[in-house]
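S.K.: Quick one, fold the following:
(2 chains)
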Amino acid sequence: MSARMDRRSFLKAAGGTAAAAAVGPAVFRPRETWAQDPRTLVVAWDSDIDTLDPASFKTNGGYVTIANICDGMIGWKVRPIEGQPGFARSHPGEFDGMLTESWKTEDNGATLVFRVRKGVKFPSGRPVTAQALKYSFDRGLQSPGYMKLIFPRLIRTTDPAQFVVRDDATFAIKMPGSTPLAMDTIALSNNAILDPDEVKAHATKEDPWAAEWLKRNPAGVGAYRLVKNEPGVEIVFEAAPGYWRPKPYFERVVLKLVPNEADRVLLLKRKAIQLVAGRPGLSPKNVKSLEGEAGLKILRVPDTICNYLAMNQKKAPFDNVLVRRAVNYAIPIQAILPSVLYGYGEQMTSPVPSLTPSHLGKYSPYRHDIAKAQALMKEAGVKAPVPVDLAIRVGWPTHEQAAVWIQRELEKIGFKVSIAKESDATFRQVAIKGDHTLSIESWQSWVNDPYYHLSFLFDSRQKFTNLSFYHNDRVNRLLDANMHESDLAKRNAASEEIQKILLDDAVWGLLWYENWVRVMSADLSGLEKRWDTFERYYAARRA
Amino acid sequence: MGLGRYVATRALLVLPTLLGVTLITFTLTYLLPGNPALVKAGPLATPEHIREMERQMGLDRPVPVQYWRYLSGVLRGDFGESATTGRPVLTDFLQRVPATLELTLASMLIAIGVGIPLGVLAAVRRDGPLDHVSRLLGVGGVAMPTFWTGLLAVYVFFYHLGVAPPPLGRLSPGVTAPSALTGLYTVDALLGGSWRALGSALHQLMLPALTLGFSVMAPVTRMVRATMLEILESDYVKAAWAAGLPRRTIVYGDALRNCMIPVITLIGVVFGFLMAGNVVVEIVFAWPGIGNYAVTSLLTKDAAPIQGFVLFVAVVYVLINFTVDVVYGLVDPRIRLR
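M.R.: Numbering: from 1, shown residues only, chains lettered A, B, ... in the order given. The predicted structure is shown next:
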C-alpha cells in the first residue's frame, strides 16, 4: 500500500464529515440572515420574563415587558436631554396621562381623582373604565404579589374601599391624608391596568386573582403586544393594533438574550443588533472601547443608582464612627472613577442621589486623604492589622475592580482585606442575615423620592434593606414625621438634616452614582430614560 | 450468562443508583447557601412575606418530609417551578435539552468522524506528517479552553470574514422553527422538508459544533492512536501481515475493531461530559441549552432548576454507563461471561 492511499482514505473519512458539518452550512447559508427589516429593532438583552403579573414580577425581563405591553394610569413624563438630541429623560414630579387623561386632588390632597381616557379599549374590545382601574388596584392590594407591601406605605391604602369608582370615567383613591409619594408610586409599571373580565374569567377558587394564569398571559393594553416569549432565546413585541396613540415607529422589537458581553460588542459592531440594553449590558470598559466607533453612538445619562460600601455597624470595628470616617477618607474615588468606571459615573457626595430632590451635594467632607484616615484609625484605638472580608457579587466587573482599589488603600490604614466573591443569591442572603462585615452594595430607588430612598436604607426597622444595620432614633423620627409631609420646603429641610446626620455618622463608604449608558447604532434615536431605567420602545425610531 | 440476562442485571442496578442520585441532588441543593424563598420573594419583601413564601414552598417542613415531597414530585414528573422563567422546570427542560443534544451530537460527529480516522492514520504512519498534524491538533484541542476557541471563532468567522452567522442561538432571526418532532431543528427540518430552516439551523450550528468538536477530538485521536500502536505491534497483527492479508483488512478490520473498547468508553464519557459540560460554549454562542440554564439558575439560587439539572446529568451518566456496558457485552463476549 502506498502513502497516497492513506491520504485518500483519510480524506474520504475525515474530509467528508468535516465538509458536511462545516462547509455545507456555509453553502446553504440563508440569504435573509443579513437582511434587516428597517422597522424591526433588535436589542441584546439579559433576562427572562418570570411572570406577566404586574403585581409580582421580579426579573428585568418581566418589568420591561409589562412596561411595553401594559399601560398604567399615568407615566413619568420625559423631556429632551440637552446636548443629546433625539433623547429624553424624566424630571422629578412630572407625569403624563396614560389611561387617564387628567387628575386633580380633593380634601387637601388626601383624595386623588382620575378621569379615564375616552375611547381606549383593551385587546378584548372592552373599554377601559374606572371599574378596570379599581379592579387593578384592588388586585394589587390583595393578590399574592408584593404590591400589598407597597400600598400601605406609599399610597396609604389598606382597604379596597379606598379605591372608589365614582362613575364609569372617574376613579378616586382616598387616603387618610396627602402624600408626595402617591403619583410616583401610581406611575410604577406594577400598577399597570388589567382587563378585569379577562382576569376574572381565569380566576379559580384557589387562585381568585388568577396569578397563575397571568404568569403567561398578558391582560392589559399597551403600544406593543407580546407575540413570543422563548426563555433563554428571545422576547418579541409587535405593535398592537388599535392602540390609543399613533402607531410606534418600530413594528417589531426583538429582545435577544445574549449572555456573553464580548458577543454583544461584536454584534453591535457588525450591526446584527441595534442596541444593548439590560443590566449590566456593557461594562464601562467596553463602552469606553466603543467611543468613536463608526456607525455607533453612546447615550449617557446621570442616574440614581447608588454604589456604596456597606459597613456593618453590628460588627467591630465598624461600630466605631471614627473607623467608618477613616474608611471614607481612604476610598480612592478619584482613581476608581477613571480606572474602573472610565468616566461613566459620578462621585457620591450624599446617600441621596444627585437627581433626587433635596440632595445635599456640598456637605460631605470626605476626600481621599490617607494621612487623615490613618490619624482617625489611631484615634479610634483599633489594633492593626484588622482582618476583614470585603464581599462582592460575582459578575459585577465594576465592583470587582473597585474592590481591589479599596483593598489596597484600606491596607494602608491598618486593615487586612480579603475579597470574597459570592453569587447574587448567596450575597443577598448573607447580607440580610447581617453576616457581611464589609461589602459593596448597589441600590436604586424606582420612586425618585428622598423618603422612599432613605426609609428603605436607613430606617432601623427595615430589616432587609438597611444593610449597614444603622440605628439612629432621630433619623427614624424624622423619617416618620416627614414621609407624607405636604409642605415640601419643610420635608426637604428634614431630608437635608437626615443626610447631615448620615454623613457625620459616616454610615456608608461613599462610592459612586452610576450613569445610565446605552450603546446603539448611530441611526437610532428616541430612547427615553425614566426613573425605573427600563426602556419603553414606543418613541424609539431610526433617524 | 446470555445477553438478555446480562442486560437485565445491568438494568436492575440502575434503579438504586438513580435513587441515590435523587438523595444526593436533594442534599446538595439543600446545603447550598442561599434561601430559595428569598429569591422568590424579591428585594422588597418583609420577614413575614418570606415566612409565607417558605410555608408555600414547604421549606418550613422537616427535611425528610421535604425530600419525600421532592421525590414523589419527581416520580410524577413534577420538578418544581423556575423562579426566573416562571414555568415548570420540565417545560424548560423539554425546550432546552434538544438544543444541547443537537450541539452534542453534531460535535461528537465531528470528533468521531475526524478523530478516529486521524488517530488510525497517525498510528499507521507513525512520525509522518499526518502524525505531527494529529499531535498539533491534539495539544491545541486540549490546551485551548473552549471559551477562548469559541470567542476566537466568533471573532474571525463572524466579525472579520462574515461567513458565520451572528452568535444568536439556533436559528437566524426571521426563520421559523420547524414543527417539533424531535426538537432537533436539523432533523425536524429534514423530516418536514423545511429547507430554509435546515440551512439556517446548520449554519447556526456550524461554529459552536466545530468549537466543541475540536476540543473533544483531541482525546479521541490520542486514544485511538495509542491503542492502535499497541495493537499493530501485537502478534496476531504481525501474523496477519506475514500471511499477506491486504493492509485495509488488517488495519480497518482486525486492528481497529480491537481498539474500539477503550474508545467506546471514552466516547461514552465524552458524550456525558458534553451534555453536562458545554456550559461555556452555550454561553459564548447564546445557545439556549441546559448548561446556560443551569448557570443562570445557580447564580440566582433557583433551587428547582438546579435540582433538575443535577438529576438530569446524573441520569444521563447512568444511562450512558448502562449503554456502554451493553455495548461492551456486544463487542466483547468475554465480559458477559464473567
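S.K.: Can you verify residue A:255 is assigned to a helix?
M.R.: No: Residue A:255 sits outside any helix when classified using DSSP: H, G, I helix; E, B strand; the rest coil, being strand.
S.K.: mind listing what it touches?
M.R.: By C-beta atoms under 8 Å, 6 or more residues apart in numbering or on different chains, residue A:255 lies in contact with A:43, A:45, A:61, A:64, A:234-237, A:277. C-beta here means a position set from N, CA and C on the backbone, and glycine is covered the same way.
S.K.: Can you say which two of those residues are spatially most distant?
M.R.: A:236 and A:277 (14.7 Å; C-beta to C-beta).
S.K.: Who has more neighbours out of these two?
M.R.: Remark: of residue A:236 and residue A:277, residue A:277 carries more neighbours, 23 against 19, as counted by other C-beta atoms under 10 Å in any protein chain shown.
S.K.: Contact partners for the more buried one?
M.R.: Residues in contact with residue A:277, defined by C-beta under 8 Å, 6+ apart, are A:43-45, A:64, A:255, A:518, A:535.
S.K.: Show the model's pLDDT score for residue A:429.
M.R.: What the model reports as pLDDT for residue A:429 is 83.
S.K.: thinking again about what came up before, any chance of the contacts of residue A:277 in CSV, plus secondary structure and pLDDT?
M.R.: Converted to CSV, the contacts of residue A:277 look like this (DSSP: H, G, I helix; E, B strand; the rest coil; pLDDT from 0 to 100):
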residue, secondary structure, pLDDT
A:43, strand, 95
A:44, strand, 95
A:45, strand, 94
A:64, helix, 96
A:255, strand, 95
A:518, strand, 95
A:535, coil, 92
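S.K.: Pick out whichever of the residues you listed sits closest to chain B.
M.R.: Chain B lies nearest to residue A:44 out of the contacts of residue A:277, by C-beta to the nearest C-beta, at 8.9 Å.
S.K.: how about the longest strand anywhere in chain A, does it reach chain B?
M.R.: Longest strand in chain A by number of residues (criterion: DSSP state E): strand A:296-311. No: Strand A:296-311 stays out of contact with chain B when judged by C-beta under 8 Å from any C-beta of the partner chain, the minimum separation being 13.8 Å.
S.K.: strands paired with that strand, and their directions?
M.R.: Paired with strand A:296-311 in the same sheet, following DSSP bridges, are strand A:438-443 (antiparallel), strand A:508-521 (antiparallel).
S.K.: any idea what sits nearest residue A:497, other than its immediate chain neighbours?
M.R.: residue A:478 (6.3 Å; C-beta to C-beta, 6 or more residues apart in numbering or on different chains).
S.K.: Distance of the one you found relative to residue A:500?
M.R.: Distance of residue A:478 to residue A:500, given as C-beta to C-beta, to the nearest Å: 11 Å.
S.K.: Between these two, tell me which one has more neighbours.
M.R.: residue A:478 (19 against 14).
S.K.: which element is that one on?
M.R.: Residue A:478 belongs to helix A:473-482 when assigned by DSSP states H and E.
S.K.: Got the domain ranges for chain A?
M.R.: Under automatic domain parsing, the residue ranges defining each domain of chain A are A:33-70+A:222-292+A:522-542, A:90-200, A:302-516.
S.K.: one step back: show me the contact partners of the next helix or strand after the helix holding residue A:478.
M.R.: Remark: after helix A:473-482, the chain's next helix or strand is helix A:488-504, criterion DSSP H and E. Outside of helix A:488-504, the residues within contact range by C-beta under 8 Å, 6+ apart are A:180, A:350-352, A:357-360, A:363-366, A:450-451, A:454, A:458, A:470, A:472, A:474-475, A:478-479, A:481-482, A:485, A:508.
S.K.: of these, buried ones?
M.R.: The neighbour-count test (16 or more other C-beta atoms under 10 Å in any protein chain shown) applied to those identifies A:180, A:350-352, A:357-360, A:364, A:366, A:450-451, A:454, A:458, A:470, A:472, A:475, A:478-479, A:482, A:485, A:508 as buried.
S.K.: Comparing the domains of chain A, which comes out most buried?
M.R.: domain A:33-70+A:222-292+A:522-542 (a mean of 21; mean count of other C-beta atoms under 10 Å in any protein chain shown).
S.K.: What backbone torsions are found at residue 317?
M.R.: Looking at chain A here, since you left the chain open. phi -90, psi 10 (degrees, to the nearest 10).
S.K.: Assess the claim that it and residue A:382 are in contact.
M.R.: Yes: using C-beta atoms under 8 Å, residue A:317 is in contact with residue A:382, at 4.9 Å.
S.K.: joint contacts of the two?
M.R.: With C-beta under 8 Å, 6+ apart as the test, residue A:317 and residue A:382 both reach residue A:323.
S.K.: Can you check what angle separates the helix holding residue A:478 from helix A:488-504?
M.R.: 160 degrees (axes from the mean of the first three to the mean of the last three C-alpha atoms, to 10 degrees).
S.K.: contacts for helix A:473-482?
M.R.: So helix A:473-482 is contacted by A:451, A:454-455, A:458-461, A:490-491, A:494-495, A:497-498, A:501-502 (C-beta under 8 Å, 6+ apart).
S.K.: Closest to chain B out of those?
M.R.: Taking C-beta to the nearest C-beta as the measure, chain B lies nearest residue A:461 of these, at 10.1 Å.
S.K.: where does that closest one land in three-state SS?
M.R.: With three-state DSSP as the criterion, residue A:461 reads coil.
S.K.: I'd like the distance between it and residue A:470.
M.R.: 11 Å.
S.K.: if we can go back for a sec, any idea of the mean pLDDT in the helix holding residue A:478?
M.R.: 96.
S.K.: what's the spacing between that helix and its chain's center?
M.R.: Distance of helix A:473-482 from the chain centroid (C-alpha atoms, centre = their mean, to the nearest Å) equals 27 Å.
S.K.: now stretch A:480-498
M.R.: 25 Å.
S.K.: Now do it: distance from first to last residue.
M.R.: 12 Å (C-alpha to C-alpha, to the nearest Å).
S.K.: Can you pull the poorly scored residue ranges out of the chain?
M.R.: The chain I'm using is chain A. Chain A contains residues with pLDDT under 70 at A:1-36.
S.K.: let's do chain B instead
M.R.: B:1, B:32-34, B:39-40, B:42-45, B:277, B:333, B:335-338.
S.K.: switch to 50 and redo it
M.R.: Nowhere does chain B drop to pLDDT under 50.
S.K.: next helix or strand past the longest helix seen in it?
M.R.: As assigned by DSSP state H, the longest helix anywhere in chain B is helix B:195-232. Per DSSP H and E, the first helix or strand lying C-terminal to helix B:195-232 is helix B:235-243.
S.K.: Please list the outside residues in contact with that next one.
M.R.: B:231, B:249-250, B:254-255.
S.K.: repeat for stretch A:89-98
M.R.: Contacts with stretch A:89-98, where a contact means C-beta under 8 Å, 6+ apart, come from A:71-79, A:81, A:103, A:117, A:183, A:187, A:301, A:355-357, A:448, A:528-531.
S.K.: now swap in stretch B:21-37 and tell me
M.R.: A:423, A:425-426, A:428-430, B:50, B:53-54, B:57, B:59, B:63, B:66-67, B:70-71, B:74, B:83, B:301-304, B:306-307, B:310-311, B:314-315, B:318.
S.K.: Filter those residues down to the buried ones and hand me the ChimeraX line.
M.R.: With 16+ other C-beta under 10 Å as the criterion, this ChimeraX line picks the buried residues out of the contacts of stretch B:21-37:
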select /A:423,425,426,428,429,430 /B:50,53,54,57,59,66,67,70,74,83,301,302,303,304,306,307,310,311,314,318
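S.K.: The residue in the stretch 401-543 of chain A positioned nearest to chain B: what's its closest spatial neighbour, skipping adjacent residues?
M.R.: Of all residues in the stretch 401-543 of chain A, the one sitting closest to chain B is residue A:425 (3.1 Å; C-beta to the nearest C-beta). Spatially, and ignoring its direct neighbours in sequence, residue A:425 is nearest to residue B:301 (3.1 Å; C-beta to C-beta, 6+ apart).
S.K.: repeat for residue B:139
M.R.: Leaving aside its chain neighbours, residue B:139 sits nearest to residue B:218 (7.5 Å; criterion: C-beta to C-beta, 6+ apart).
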